[in-house]
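Participant: Predicted structure and sequence below. I'll ask about it afterward.
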Amino acid sequence: MNTSISKPPIQKNVNLAPFNTLGVEATAAQFLTISESSQLLGLFREGFFKKNDPVILGGGSNVLIKSDLNQPVLKISIPGIEVLNEKEDEVLINSGAGVIWHDLVSYCVDHDFGGIENLALIPGTVGAAPIQNIGAYGVELKDTFHSLKAFIPATGEQKEFSKKECEFGYRDSIFKNSLKGEVIITEVTLRLQKSPHQIEDSYYALREYFQTNGVTEPSIKDVFDAVVTIRESKLPNPELIGNAGSFFKNPIVERSIYQKIKAEYSEMPSFEAGDGKIKIPAGWLIEQAGWKGKKVGNVGTYKNQALVLVNHGGATGEEIYQHAMNISESVKEKFGIELAPEVNVIS
Ligand code: FAD
Ligand code: EPU
């Protein structure tokens, strides 16, 4: 059967500044917007993926573009939210990869489907959410993830991945490891709960918020509102100041390393990370190393959150990258801890 396949238009020499939340100026030699998954098959049949190794872009909120890009950029803009299967207590929701993540969260809260309200206001698209198993306020994508569909550029096939096959971890998945650059996610399906909901409010900032506001039995809408308020107070709005959220992951260390640092810095915050290991907030380490709110040239760290690198205007990708490396070297020198970038560096 030969179904009609539309071709995405190819734009040349596109400025990527509006397409990355760090606001870095860089030019893409070619830029294609994918609005339906069949367009990927169309490109495959023309030999596009044999000739090119494209950069896949969603909302550009977790990338650092270091230089102009000679390879084409494919911006994934596949729309659509659909209820696949509704039962008495749960529902399967399918979303196109190009849907804005926060729009999906709002849709679910409006329909009283629970499970992703703690992930409100995370920028970017649904299709990128599995790449690093997005997480915030005590919840990760994996907690409600059912499956995803992806296009495989090497073979032209469409493949479904179960939760197990995605190998999710803290800010991690198979798509950042053995399948890095090998799949283009086109759809994601989540399994959400209908009322009565299980509320996750154990994260310290949420507990504090509900205590201060006298909320004893929060609904999913209360959690959604609280997360939005907390995030707006802590994190810079990329529309006002360029940033990509946490630049580094929080390091997870052996208990003995934690105890050594804790002996000197009794106020150091920490979280149990399973297997006897401890997660130390990178923001605290960076602040202790003297970088919080500090500006160097066009780059700096955010005044309320040292883990967020900001572009004060006109910073190049290379400048931001160098600044990040300087921060990580000084944390290594002071604490002996290596910071791994969370942001995907593209060059
Ligand atoms: P992009 O930045 O466009 O891409 C990220 C990576 O995914 C790239 O490697 C890209 O190639 C790949 N990719 C994108 N789409 C696809 C696709 N369809 N198929 C295959 N690969 C793809 N993250 C959290 O986990 N928790 C937070 O609390 C959080 N807070 C943030 C706050 C701010 C202010 C900002 C700016 C960022 C924050 N982030 C957070 C990071 C970011 O929002 C997430 O990583 C988000 O999932 C990135 O989505 P995106 O569409 O912008 O992806
Ligand atoms: N802290 C400092 N100084 C700072 C920043 C933080 O001392 O400059 C301390 C805080 O006081 C707190 C601890 O570090 O005791 C944790 O801070 P916060 O609650 O702000 O969370 P985080 O660990 O810095 C992580 C995620 C965020 C996510 C929040 C909420 C990572 C790398 N970051 O930040 O995700 O929104 O928790 O769950 O895991 C992102 O991934 O881009 C992101 C923003």
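Facilitator: Received, thanks. Ligands and ions are numbered 1, 2, ... in the order given.
Participant: rest of the way, CA atoms for contacts and neighbours
Facilitator: OK.
Participant: Which strand or helix spans Arg231?
Facilitator: Per DSSP states H and E: Arg231 is located in helix 220-234.
Participant: Could I get the full set of helices for the stretch 101-250 of the chain?
Facilitator: 101-110, 163-166, 204-212, 220-234 (DSSP state H, counting those that start in this stretch).
Participant: Export those as TSV, with columns for mean neighbour count, distance to Asn85 and mean pLDDT.
Facilitator: Formatted as TSV, the helices of the stretch 101-250 of the chain follow (neighbours: other CA atoms under 10 Å; distance: least, CA to CA, whole Å; pLDDT from 0 to 100):
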stretch	mean neighbour count	distance to Asn85	mean pLDDT
helix 101-110	19	14	98
helix 163-166	14	18	98
helix 204-212	14	31	97
helix 220-234	17	21	97
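Participant: Which among those helices is found nearest to Gly60?
Facilitator: Ranking the helices of the stretch 101-250 of the chain by proximity to Gly60 (CA to CA) places helix 101-110 first, at 12.6 Å.
Participant: Measure how far stretch 206-213 is from the centre of its chain, please.
Facilitator: Centroid separation for stretch 206-213 versus its chain: 26 Å, with CA atoms, centre = their mean, to the nearest Å.
Participant: Next, name the residue at the spatial heart of the chain.
Facilitator: The residue lying closest to the centre of the chain (CA atoms, centre = their mean) is Ile134, at 5.1 Å.
Participant: Was I right to think Val14 contacts Ala28?
Facilitator: Yes - the pair Val14 / Ala28 is scored as a contact, 5.2 Å apart, by CA atoms under 8 Å.
Participant: So stretch 176-185, near ligand 1 or not?
Facilitator: Yes - under the criterion of CA under 6 Å from any ligand atom, ligand 1 is reached by stretch 176-185 at Val183, Ile184, Ile185.
Participant: okay, how far is it across that stretch, tip to tip?
Facilitator: Length of stretch 176-185, first residue to last, CA to CA, to the nearest Å: 13 Å.
Participant: residues from the stretch 51-200 of the chain in reach of ligand 2?
Facilitator: Going by CA under 6 Å from any ligand atom, the residues of the stretch 51-200 of the chain near ligand 2 are Ala136, Tyr137.
Participant: Thr155 and Lys294, how far apart?
Facilitator: Distance from Thr155 to Lys294, counting by CA to CA: 48 Å.
Participant: So these two - more neighbours on which side?
Facilitator: More crowded of Thr155 and Lys294, by other CA atoms under 10 Å: Lys294, with 15 against 11.
Participant: remind me which residues of the stretch 51-200 of the chain are low pLDDT?
Facilitator: Within the stretch 51-200 of the chain, no stretch has pLDDT under 70.
Participant: Could you list the contact residues of the stretch 51-200 of the chain toward ligand 1?
Facilitator: Contact residues, the stretch 51-200 of the chain versus ligand 1 (CA under 6 Å from any ligand atom): 55-63, 76, 97, 122-125, 127-129, 131, 134-136, 183-186.
Participant: Packing partners of the helix or strand hosting Ile286?
Facilitator: Using DSSP H and E, Ile286 maps to helix 282-288. Helix 282-288 sits against strand 305-311, helix 317-335, with contacts defined as 3 or more CA pairs under 8 Å, 6 or more residues apart in numbering; DSSP states H and E.
Participant: Measure how the longest strand belonging to the chain sits relative to helix 101-110, angle-wise.
Facilitator: The single longest strand within the chain, with elements called by DSSP state E, is strand 184-193. Orientation check (axes from the mean of the first three to the mean of the last three CA atoms, to 10 degrees): strand 184-193 against helix 101-110 gives 20 degrees.
Participant: Flag every buried residue along strand 184-193.
Facilitator: With burial defined by 16 or more other CA atoms under 10 Å, the residues of strand 184-193 counted as buried are Ile184, Ile185, Thr186, Glu187, Val188, Thr189, Leu190, Arg191, Leu192, Gln193.
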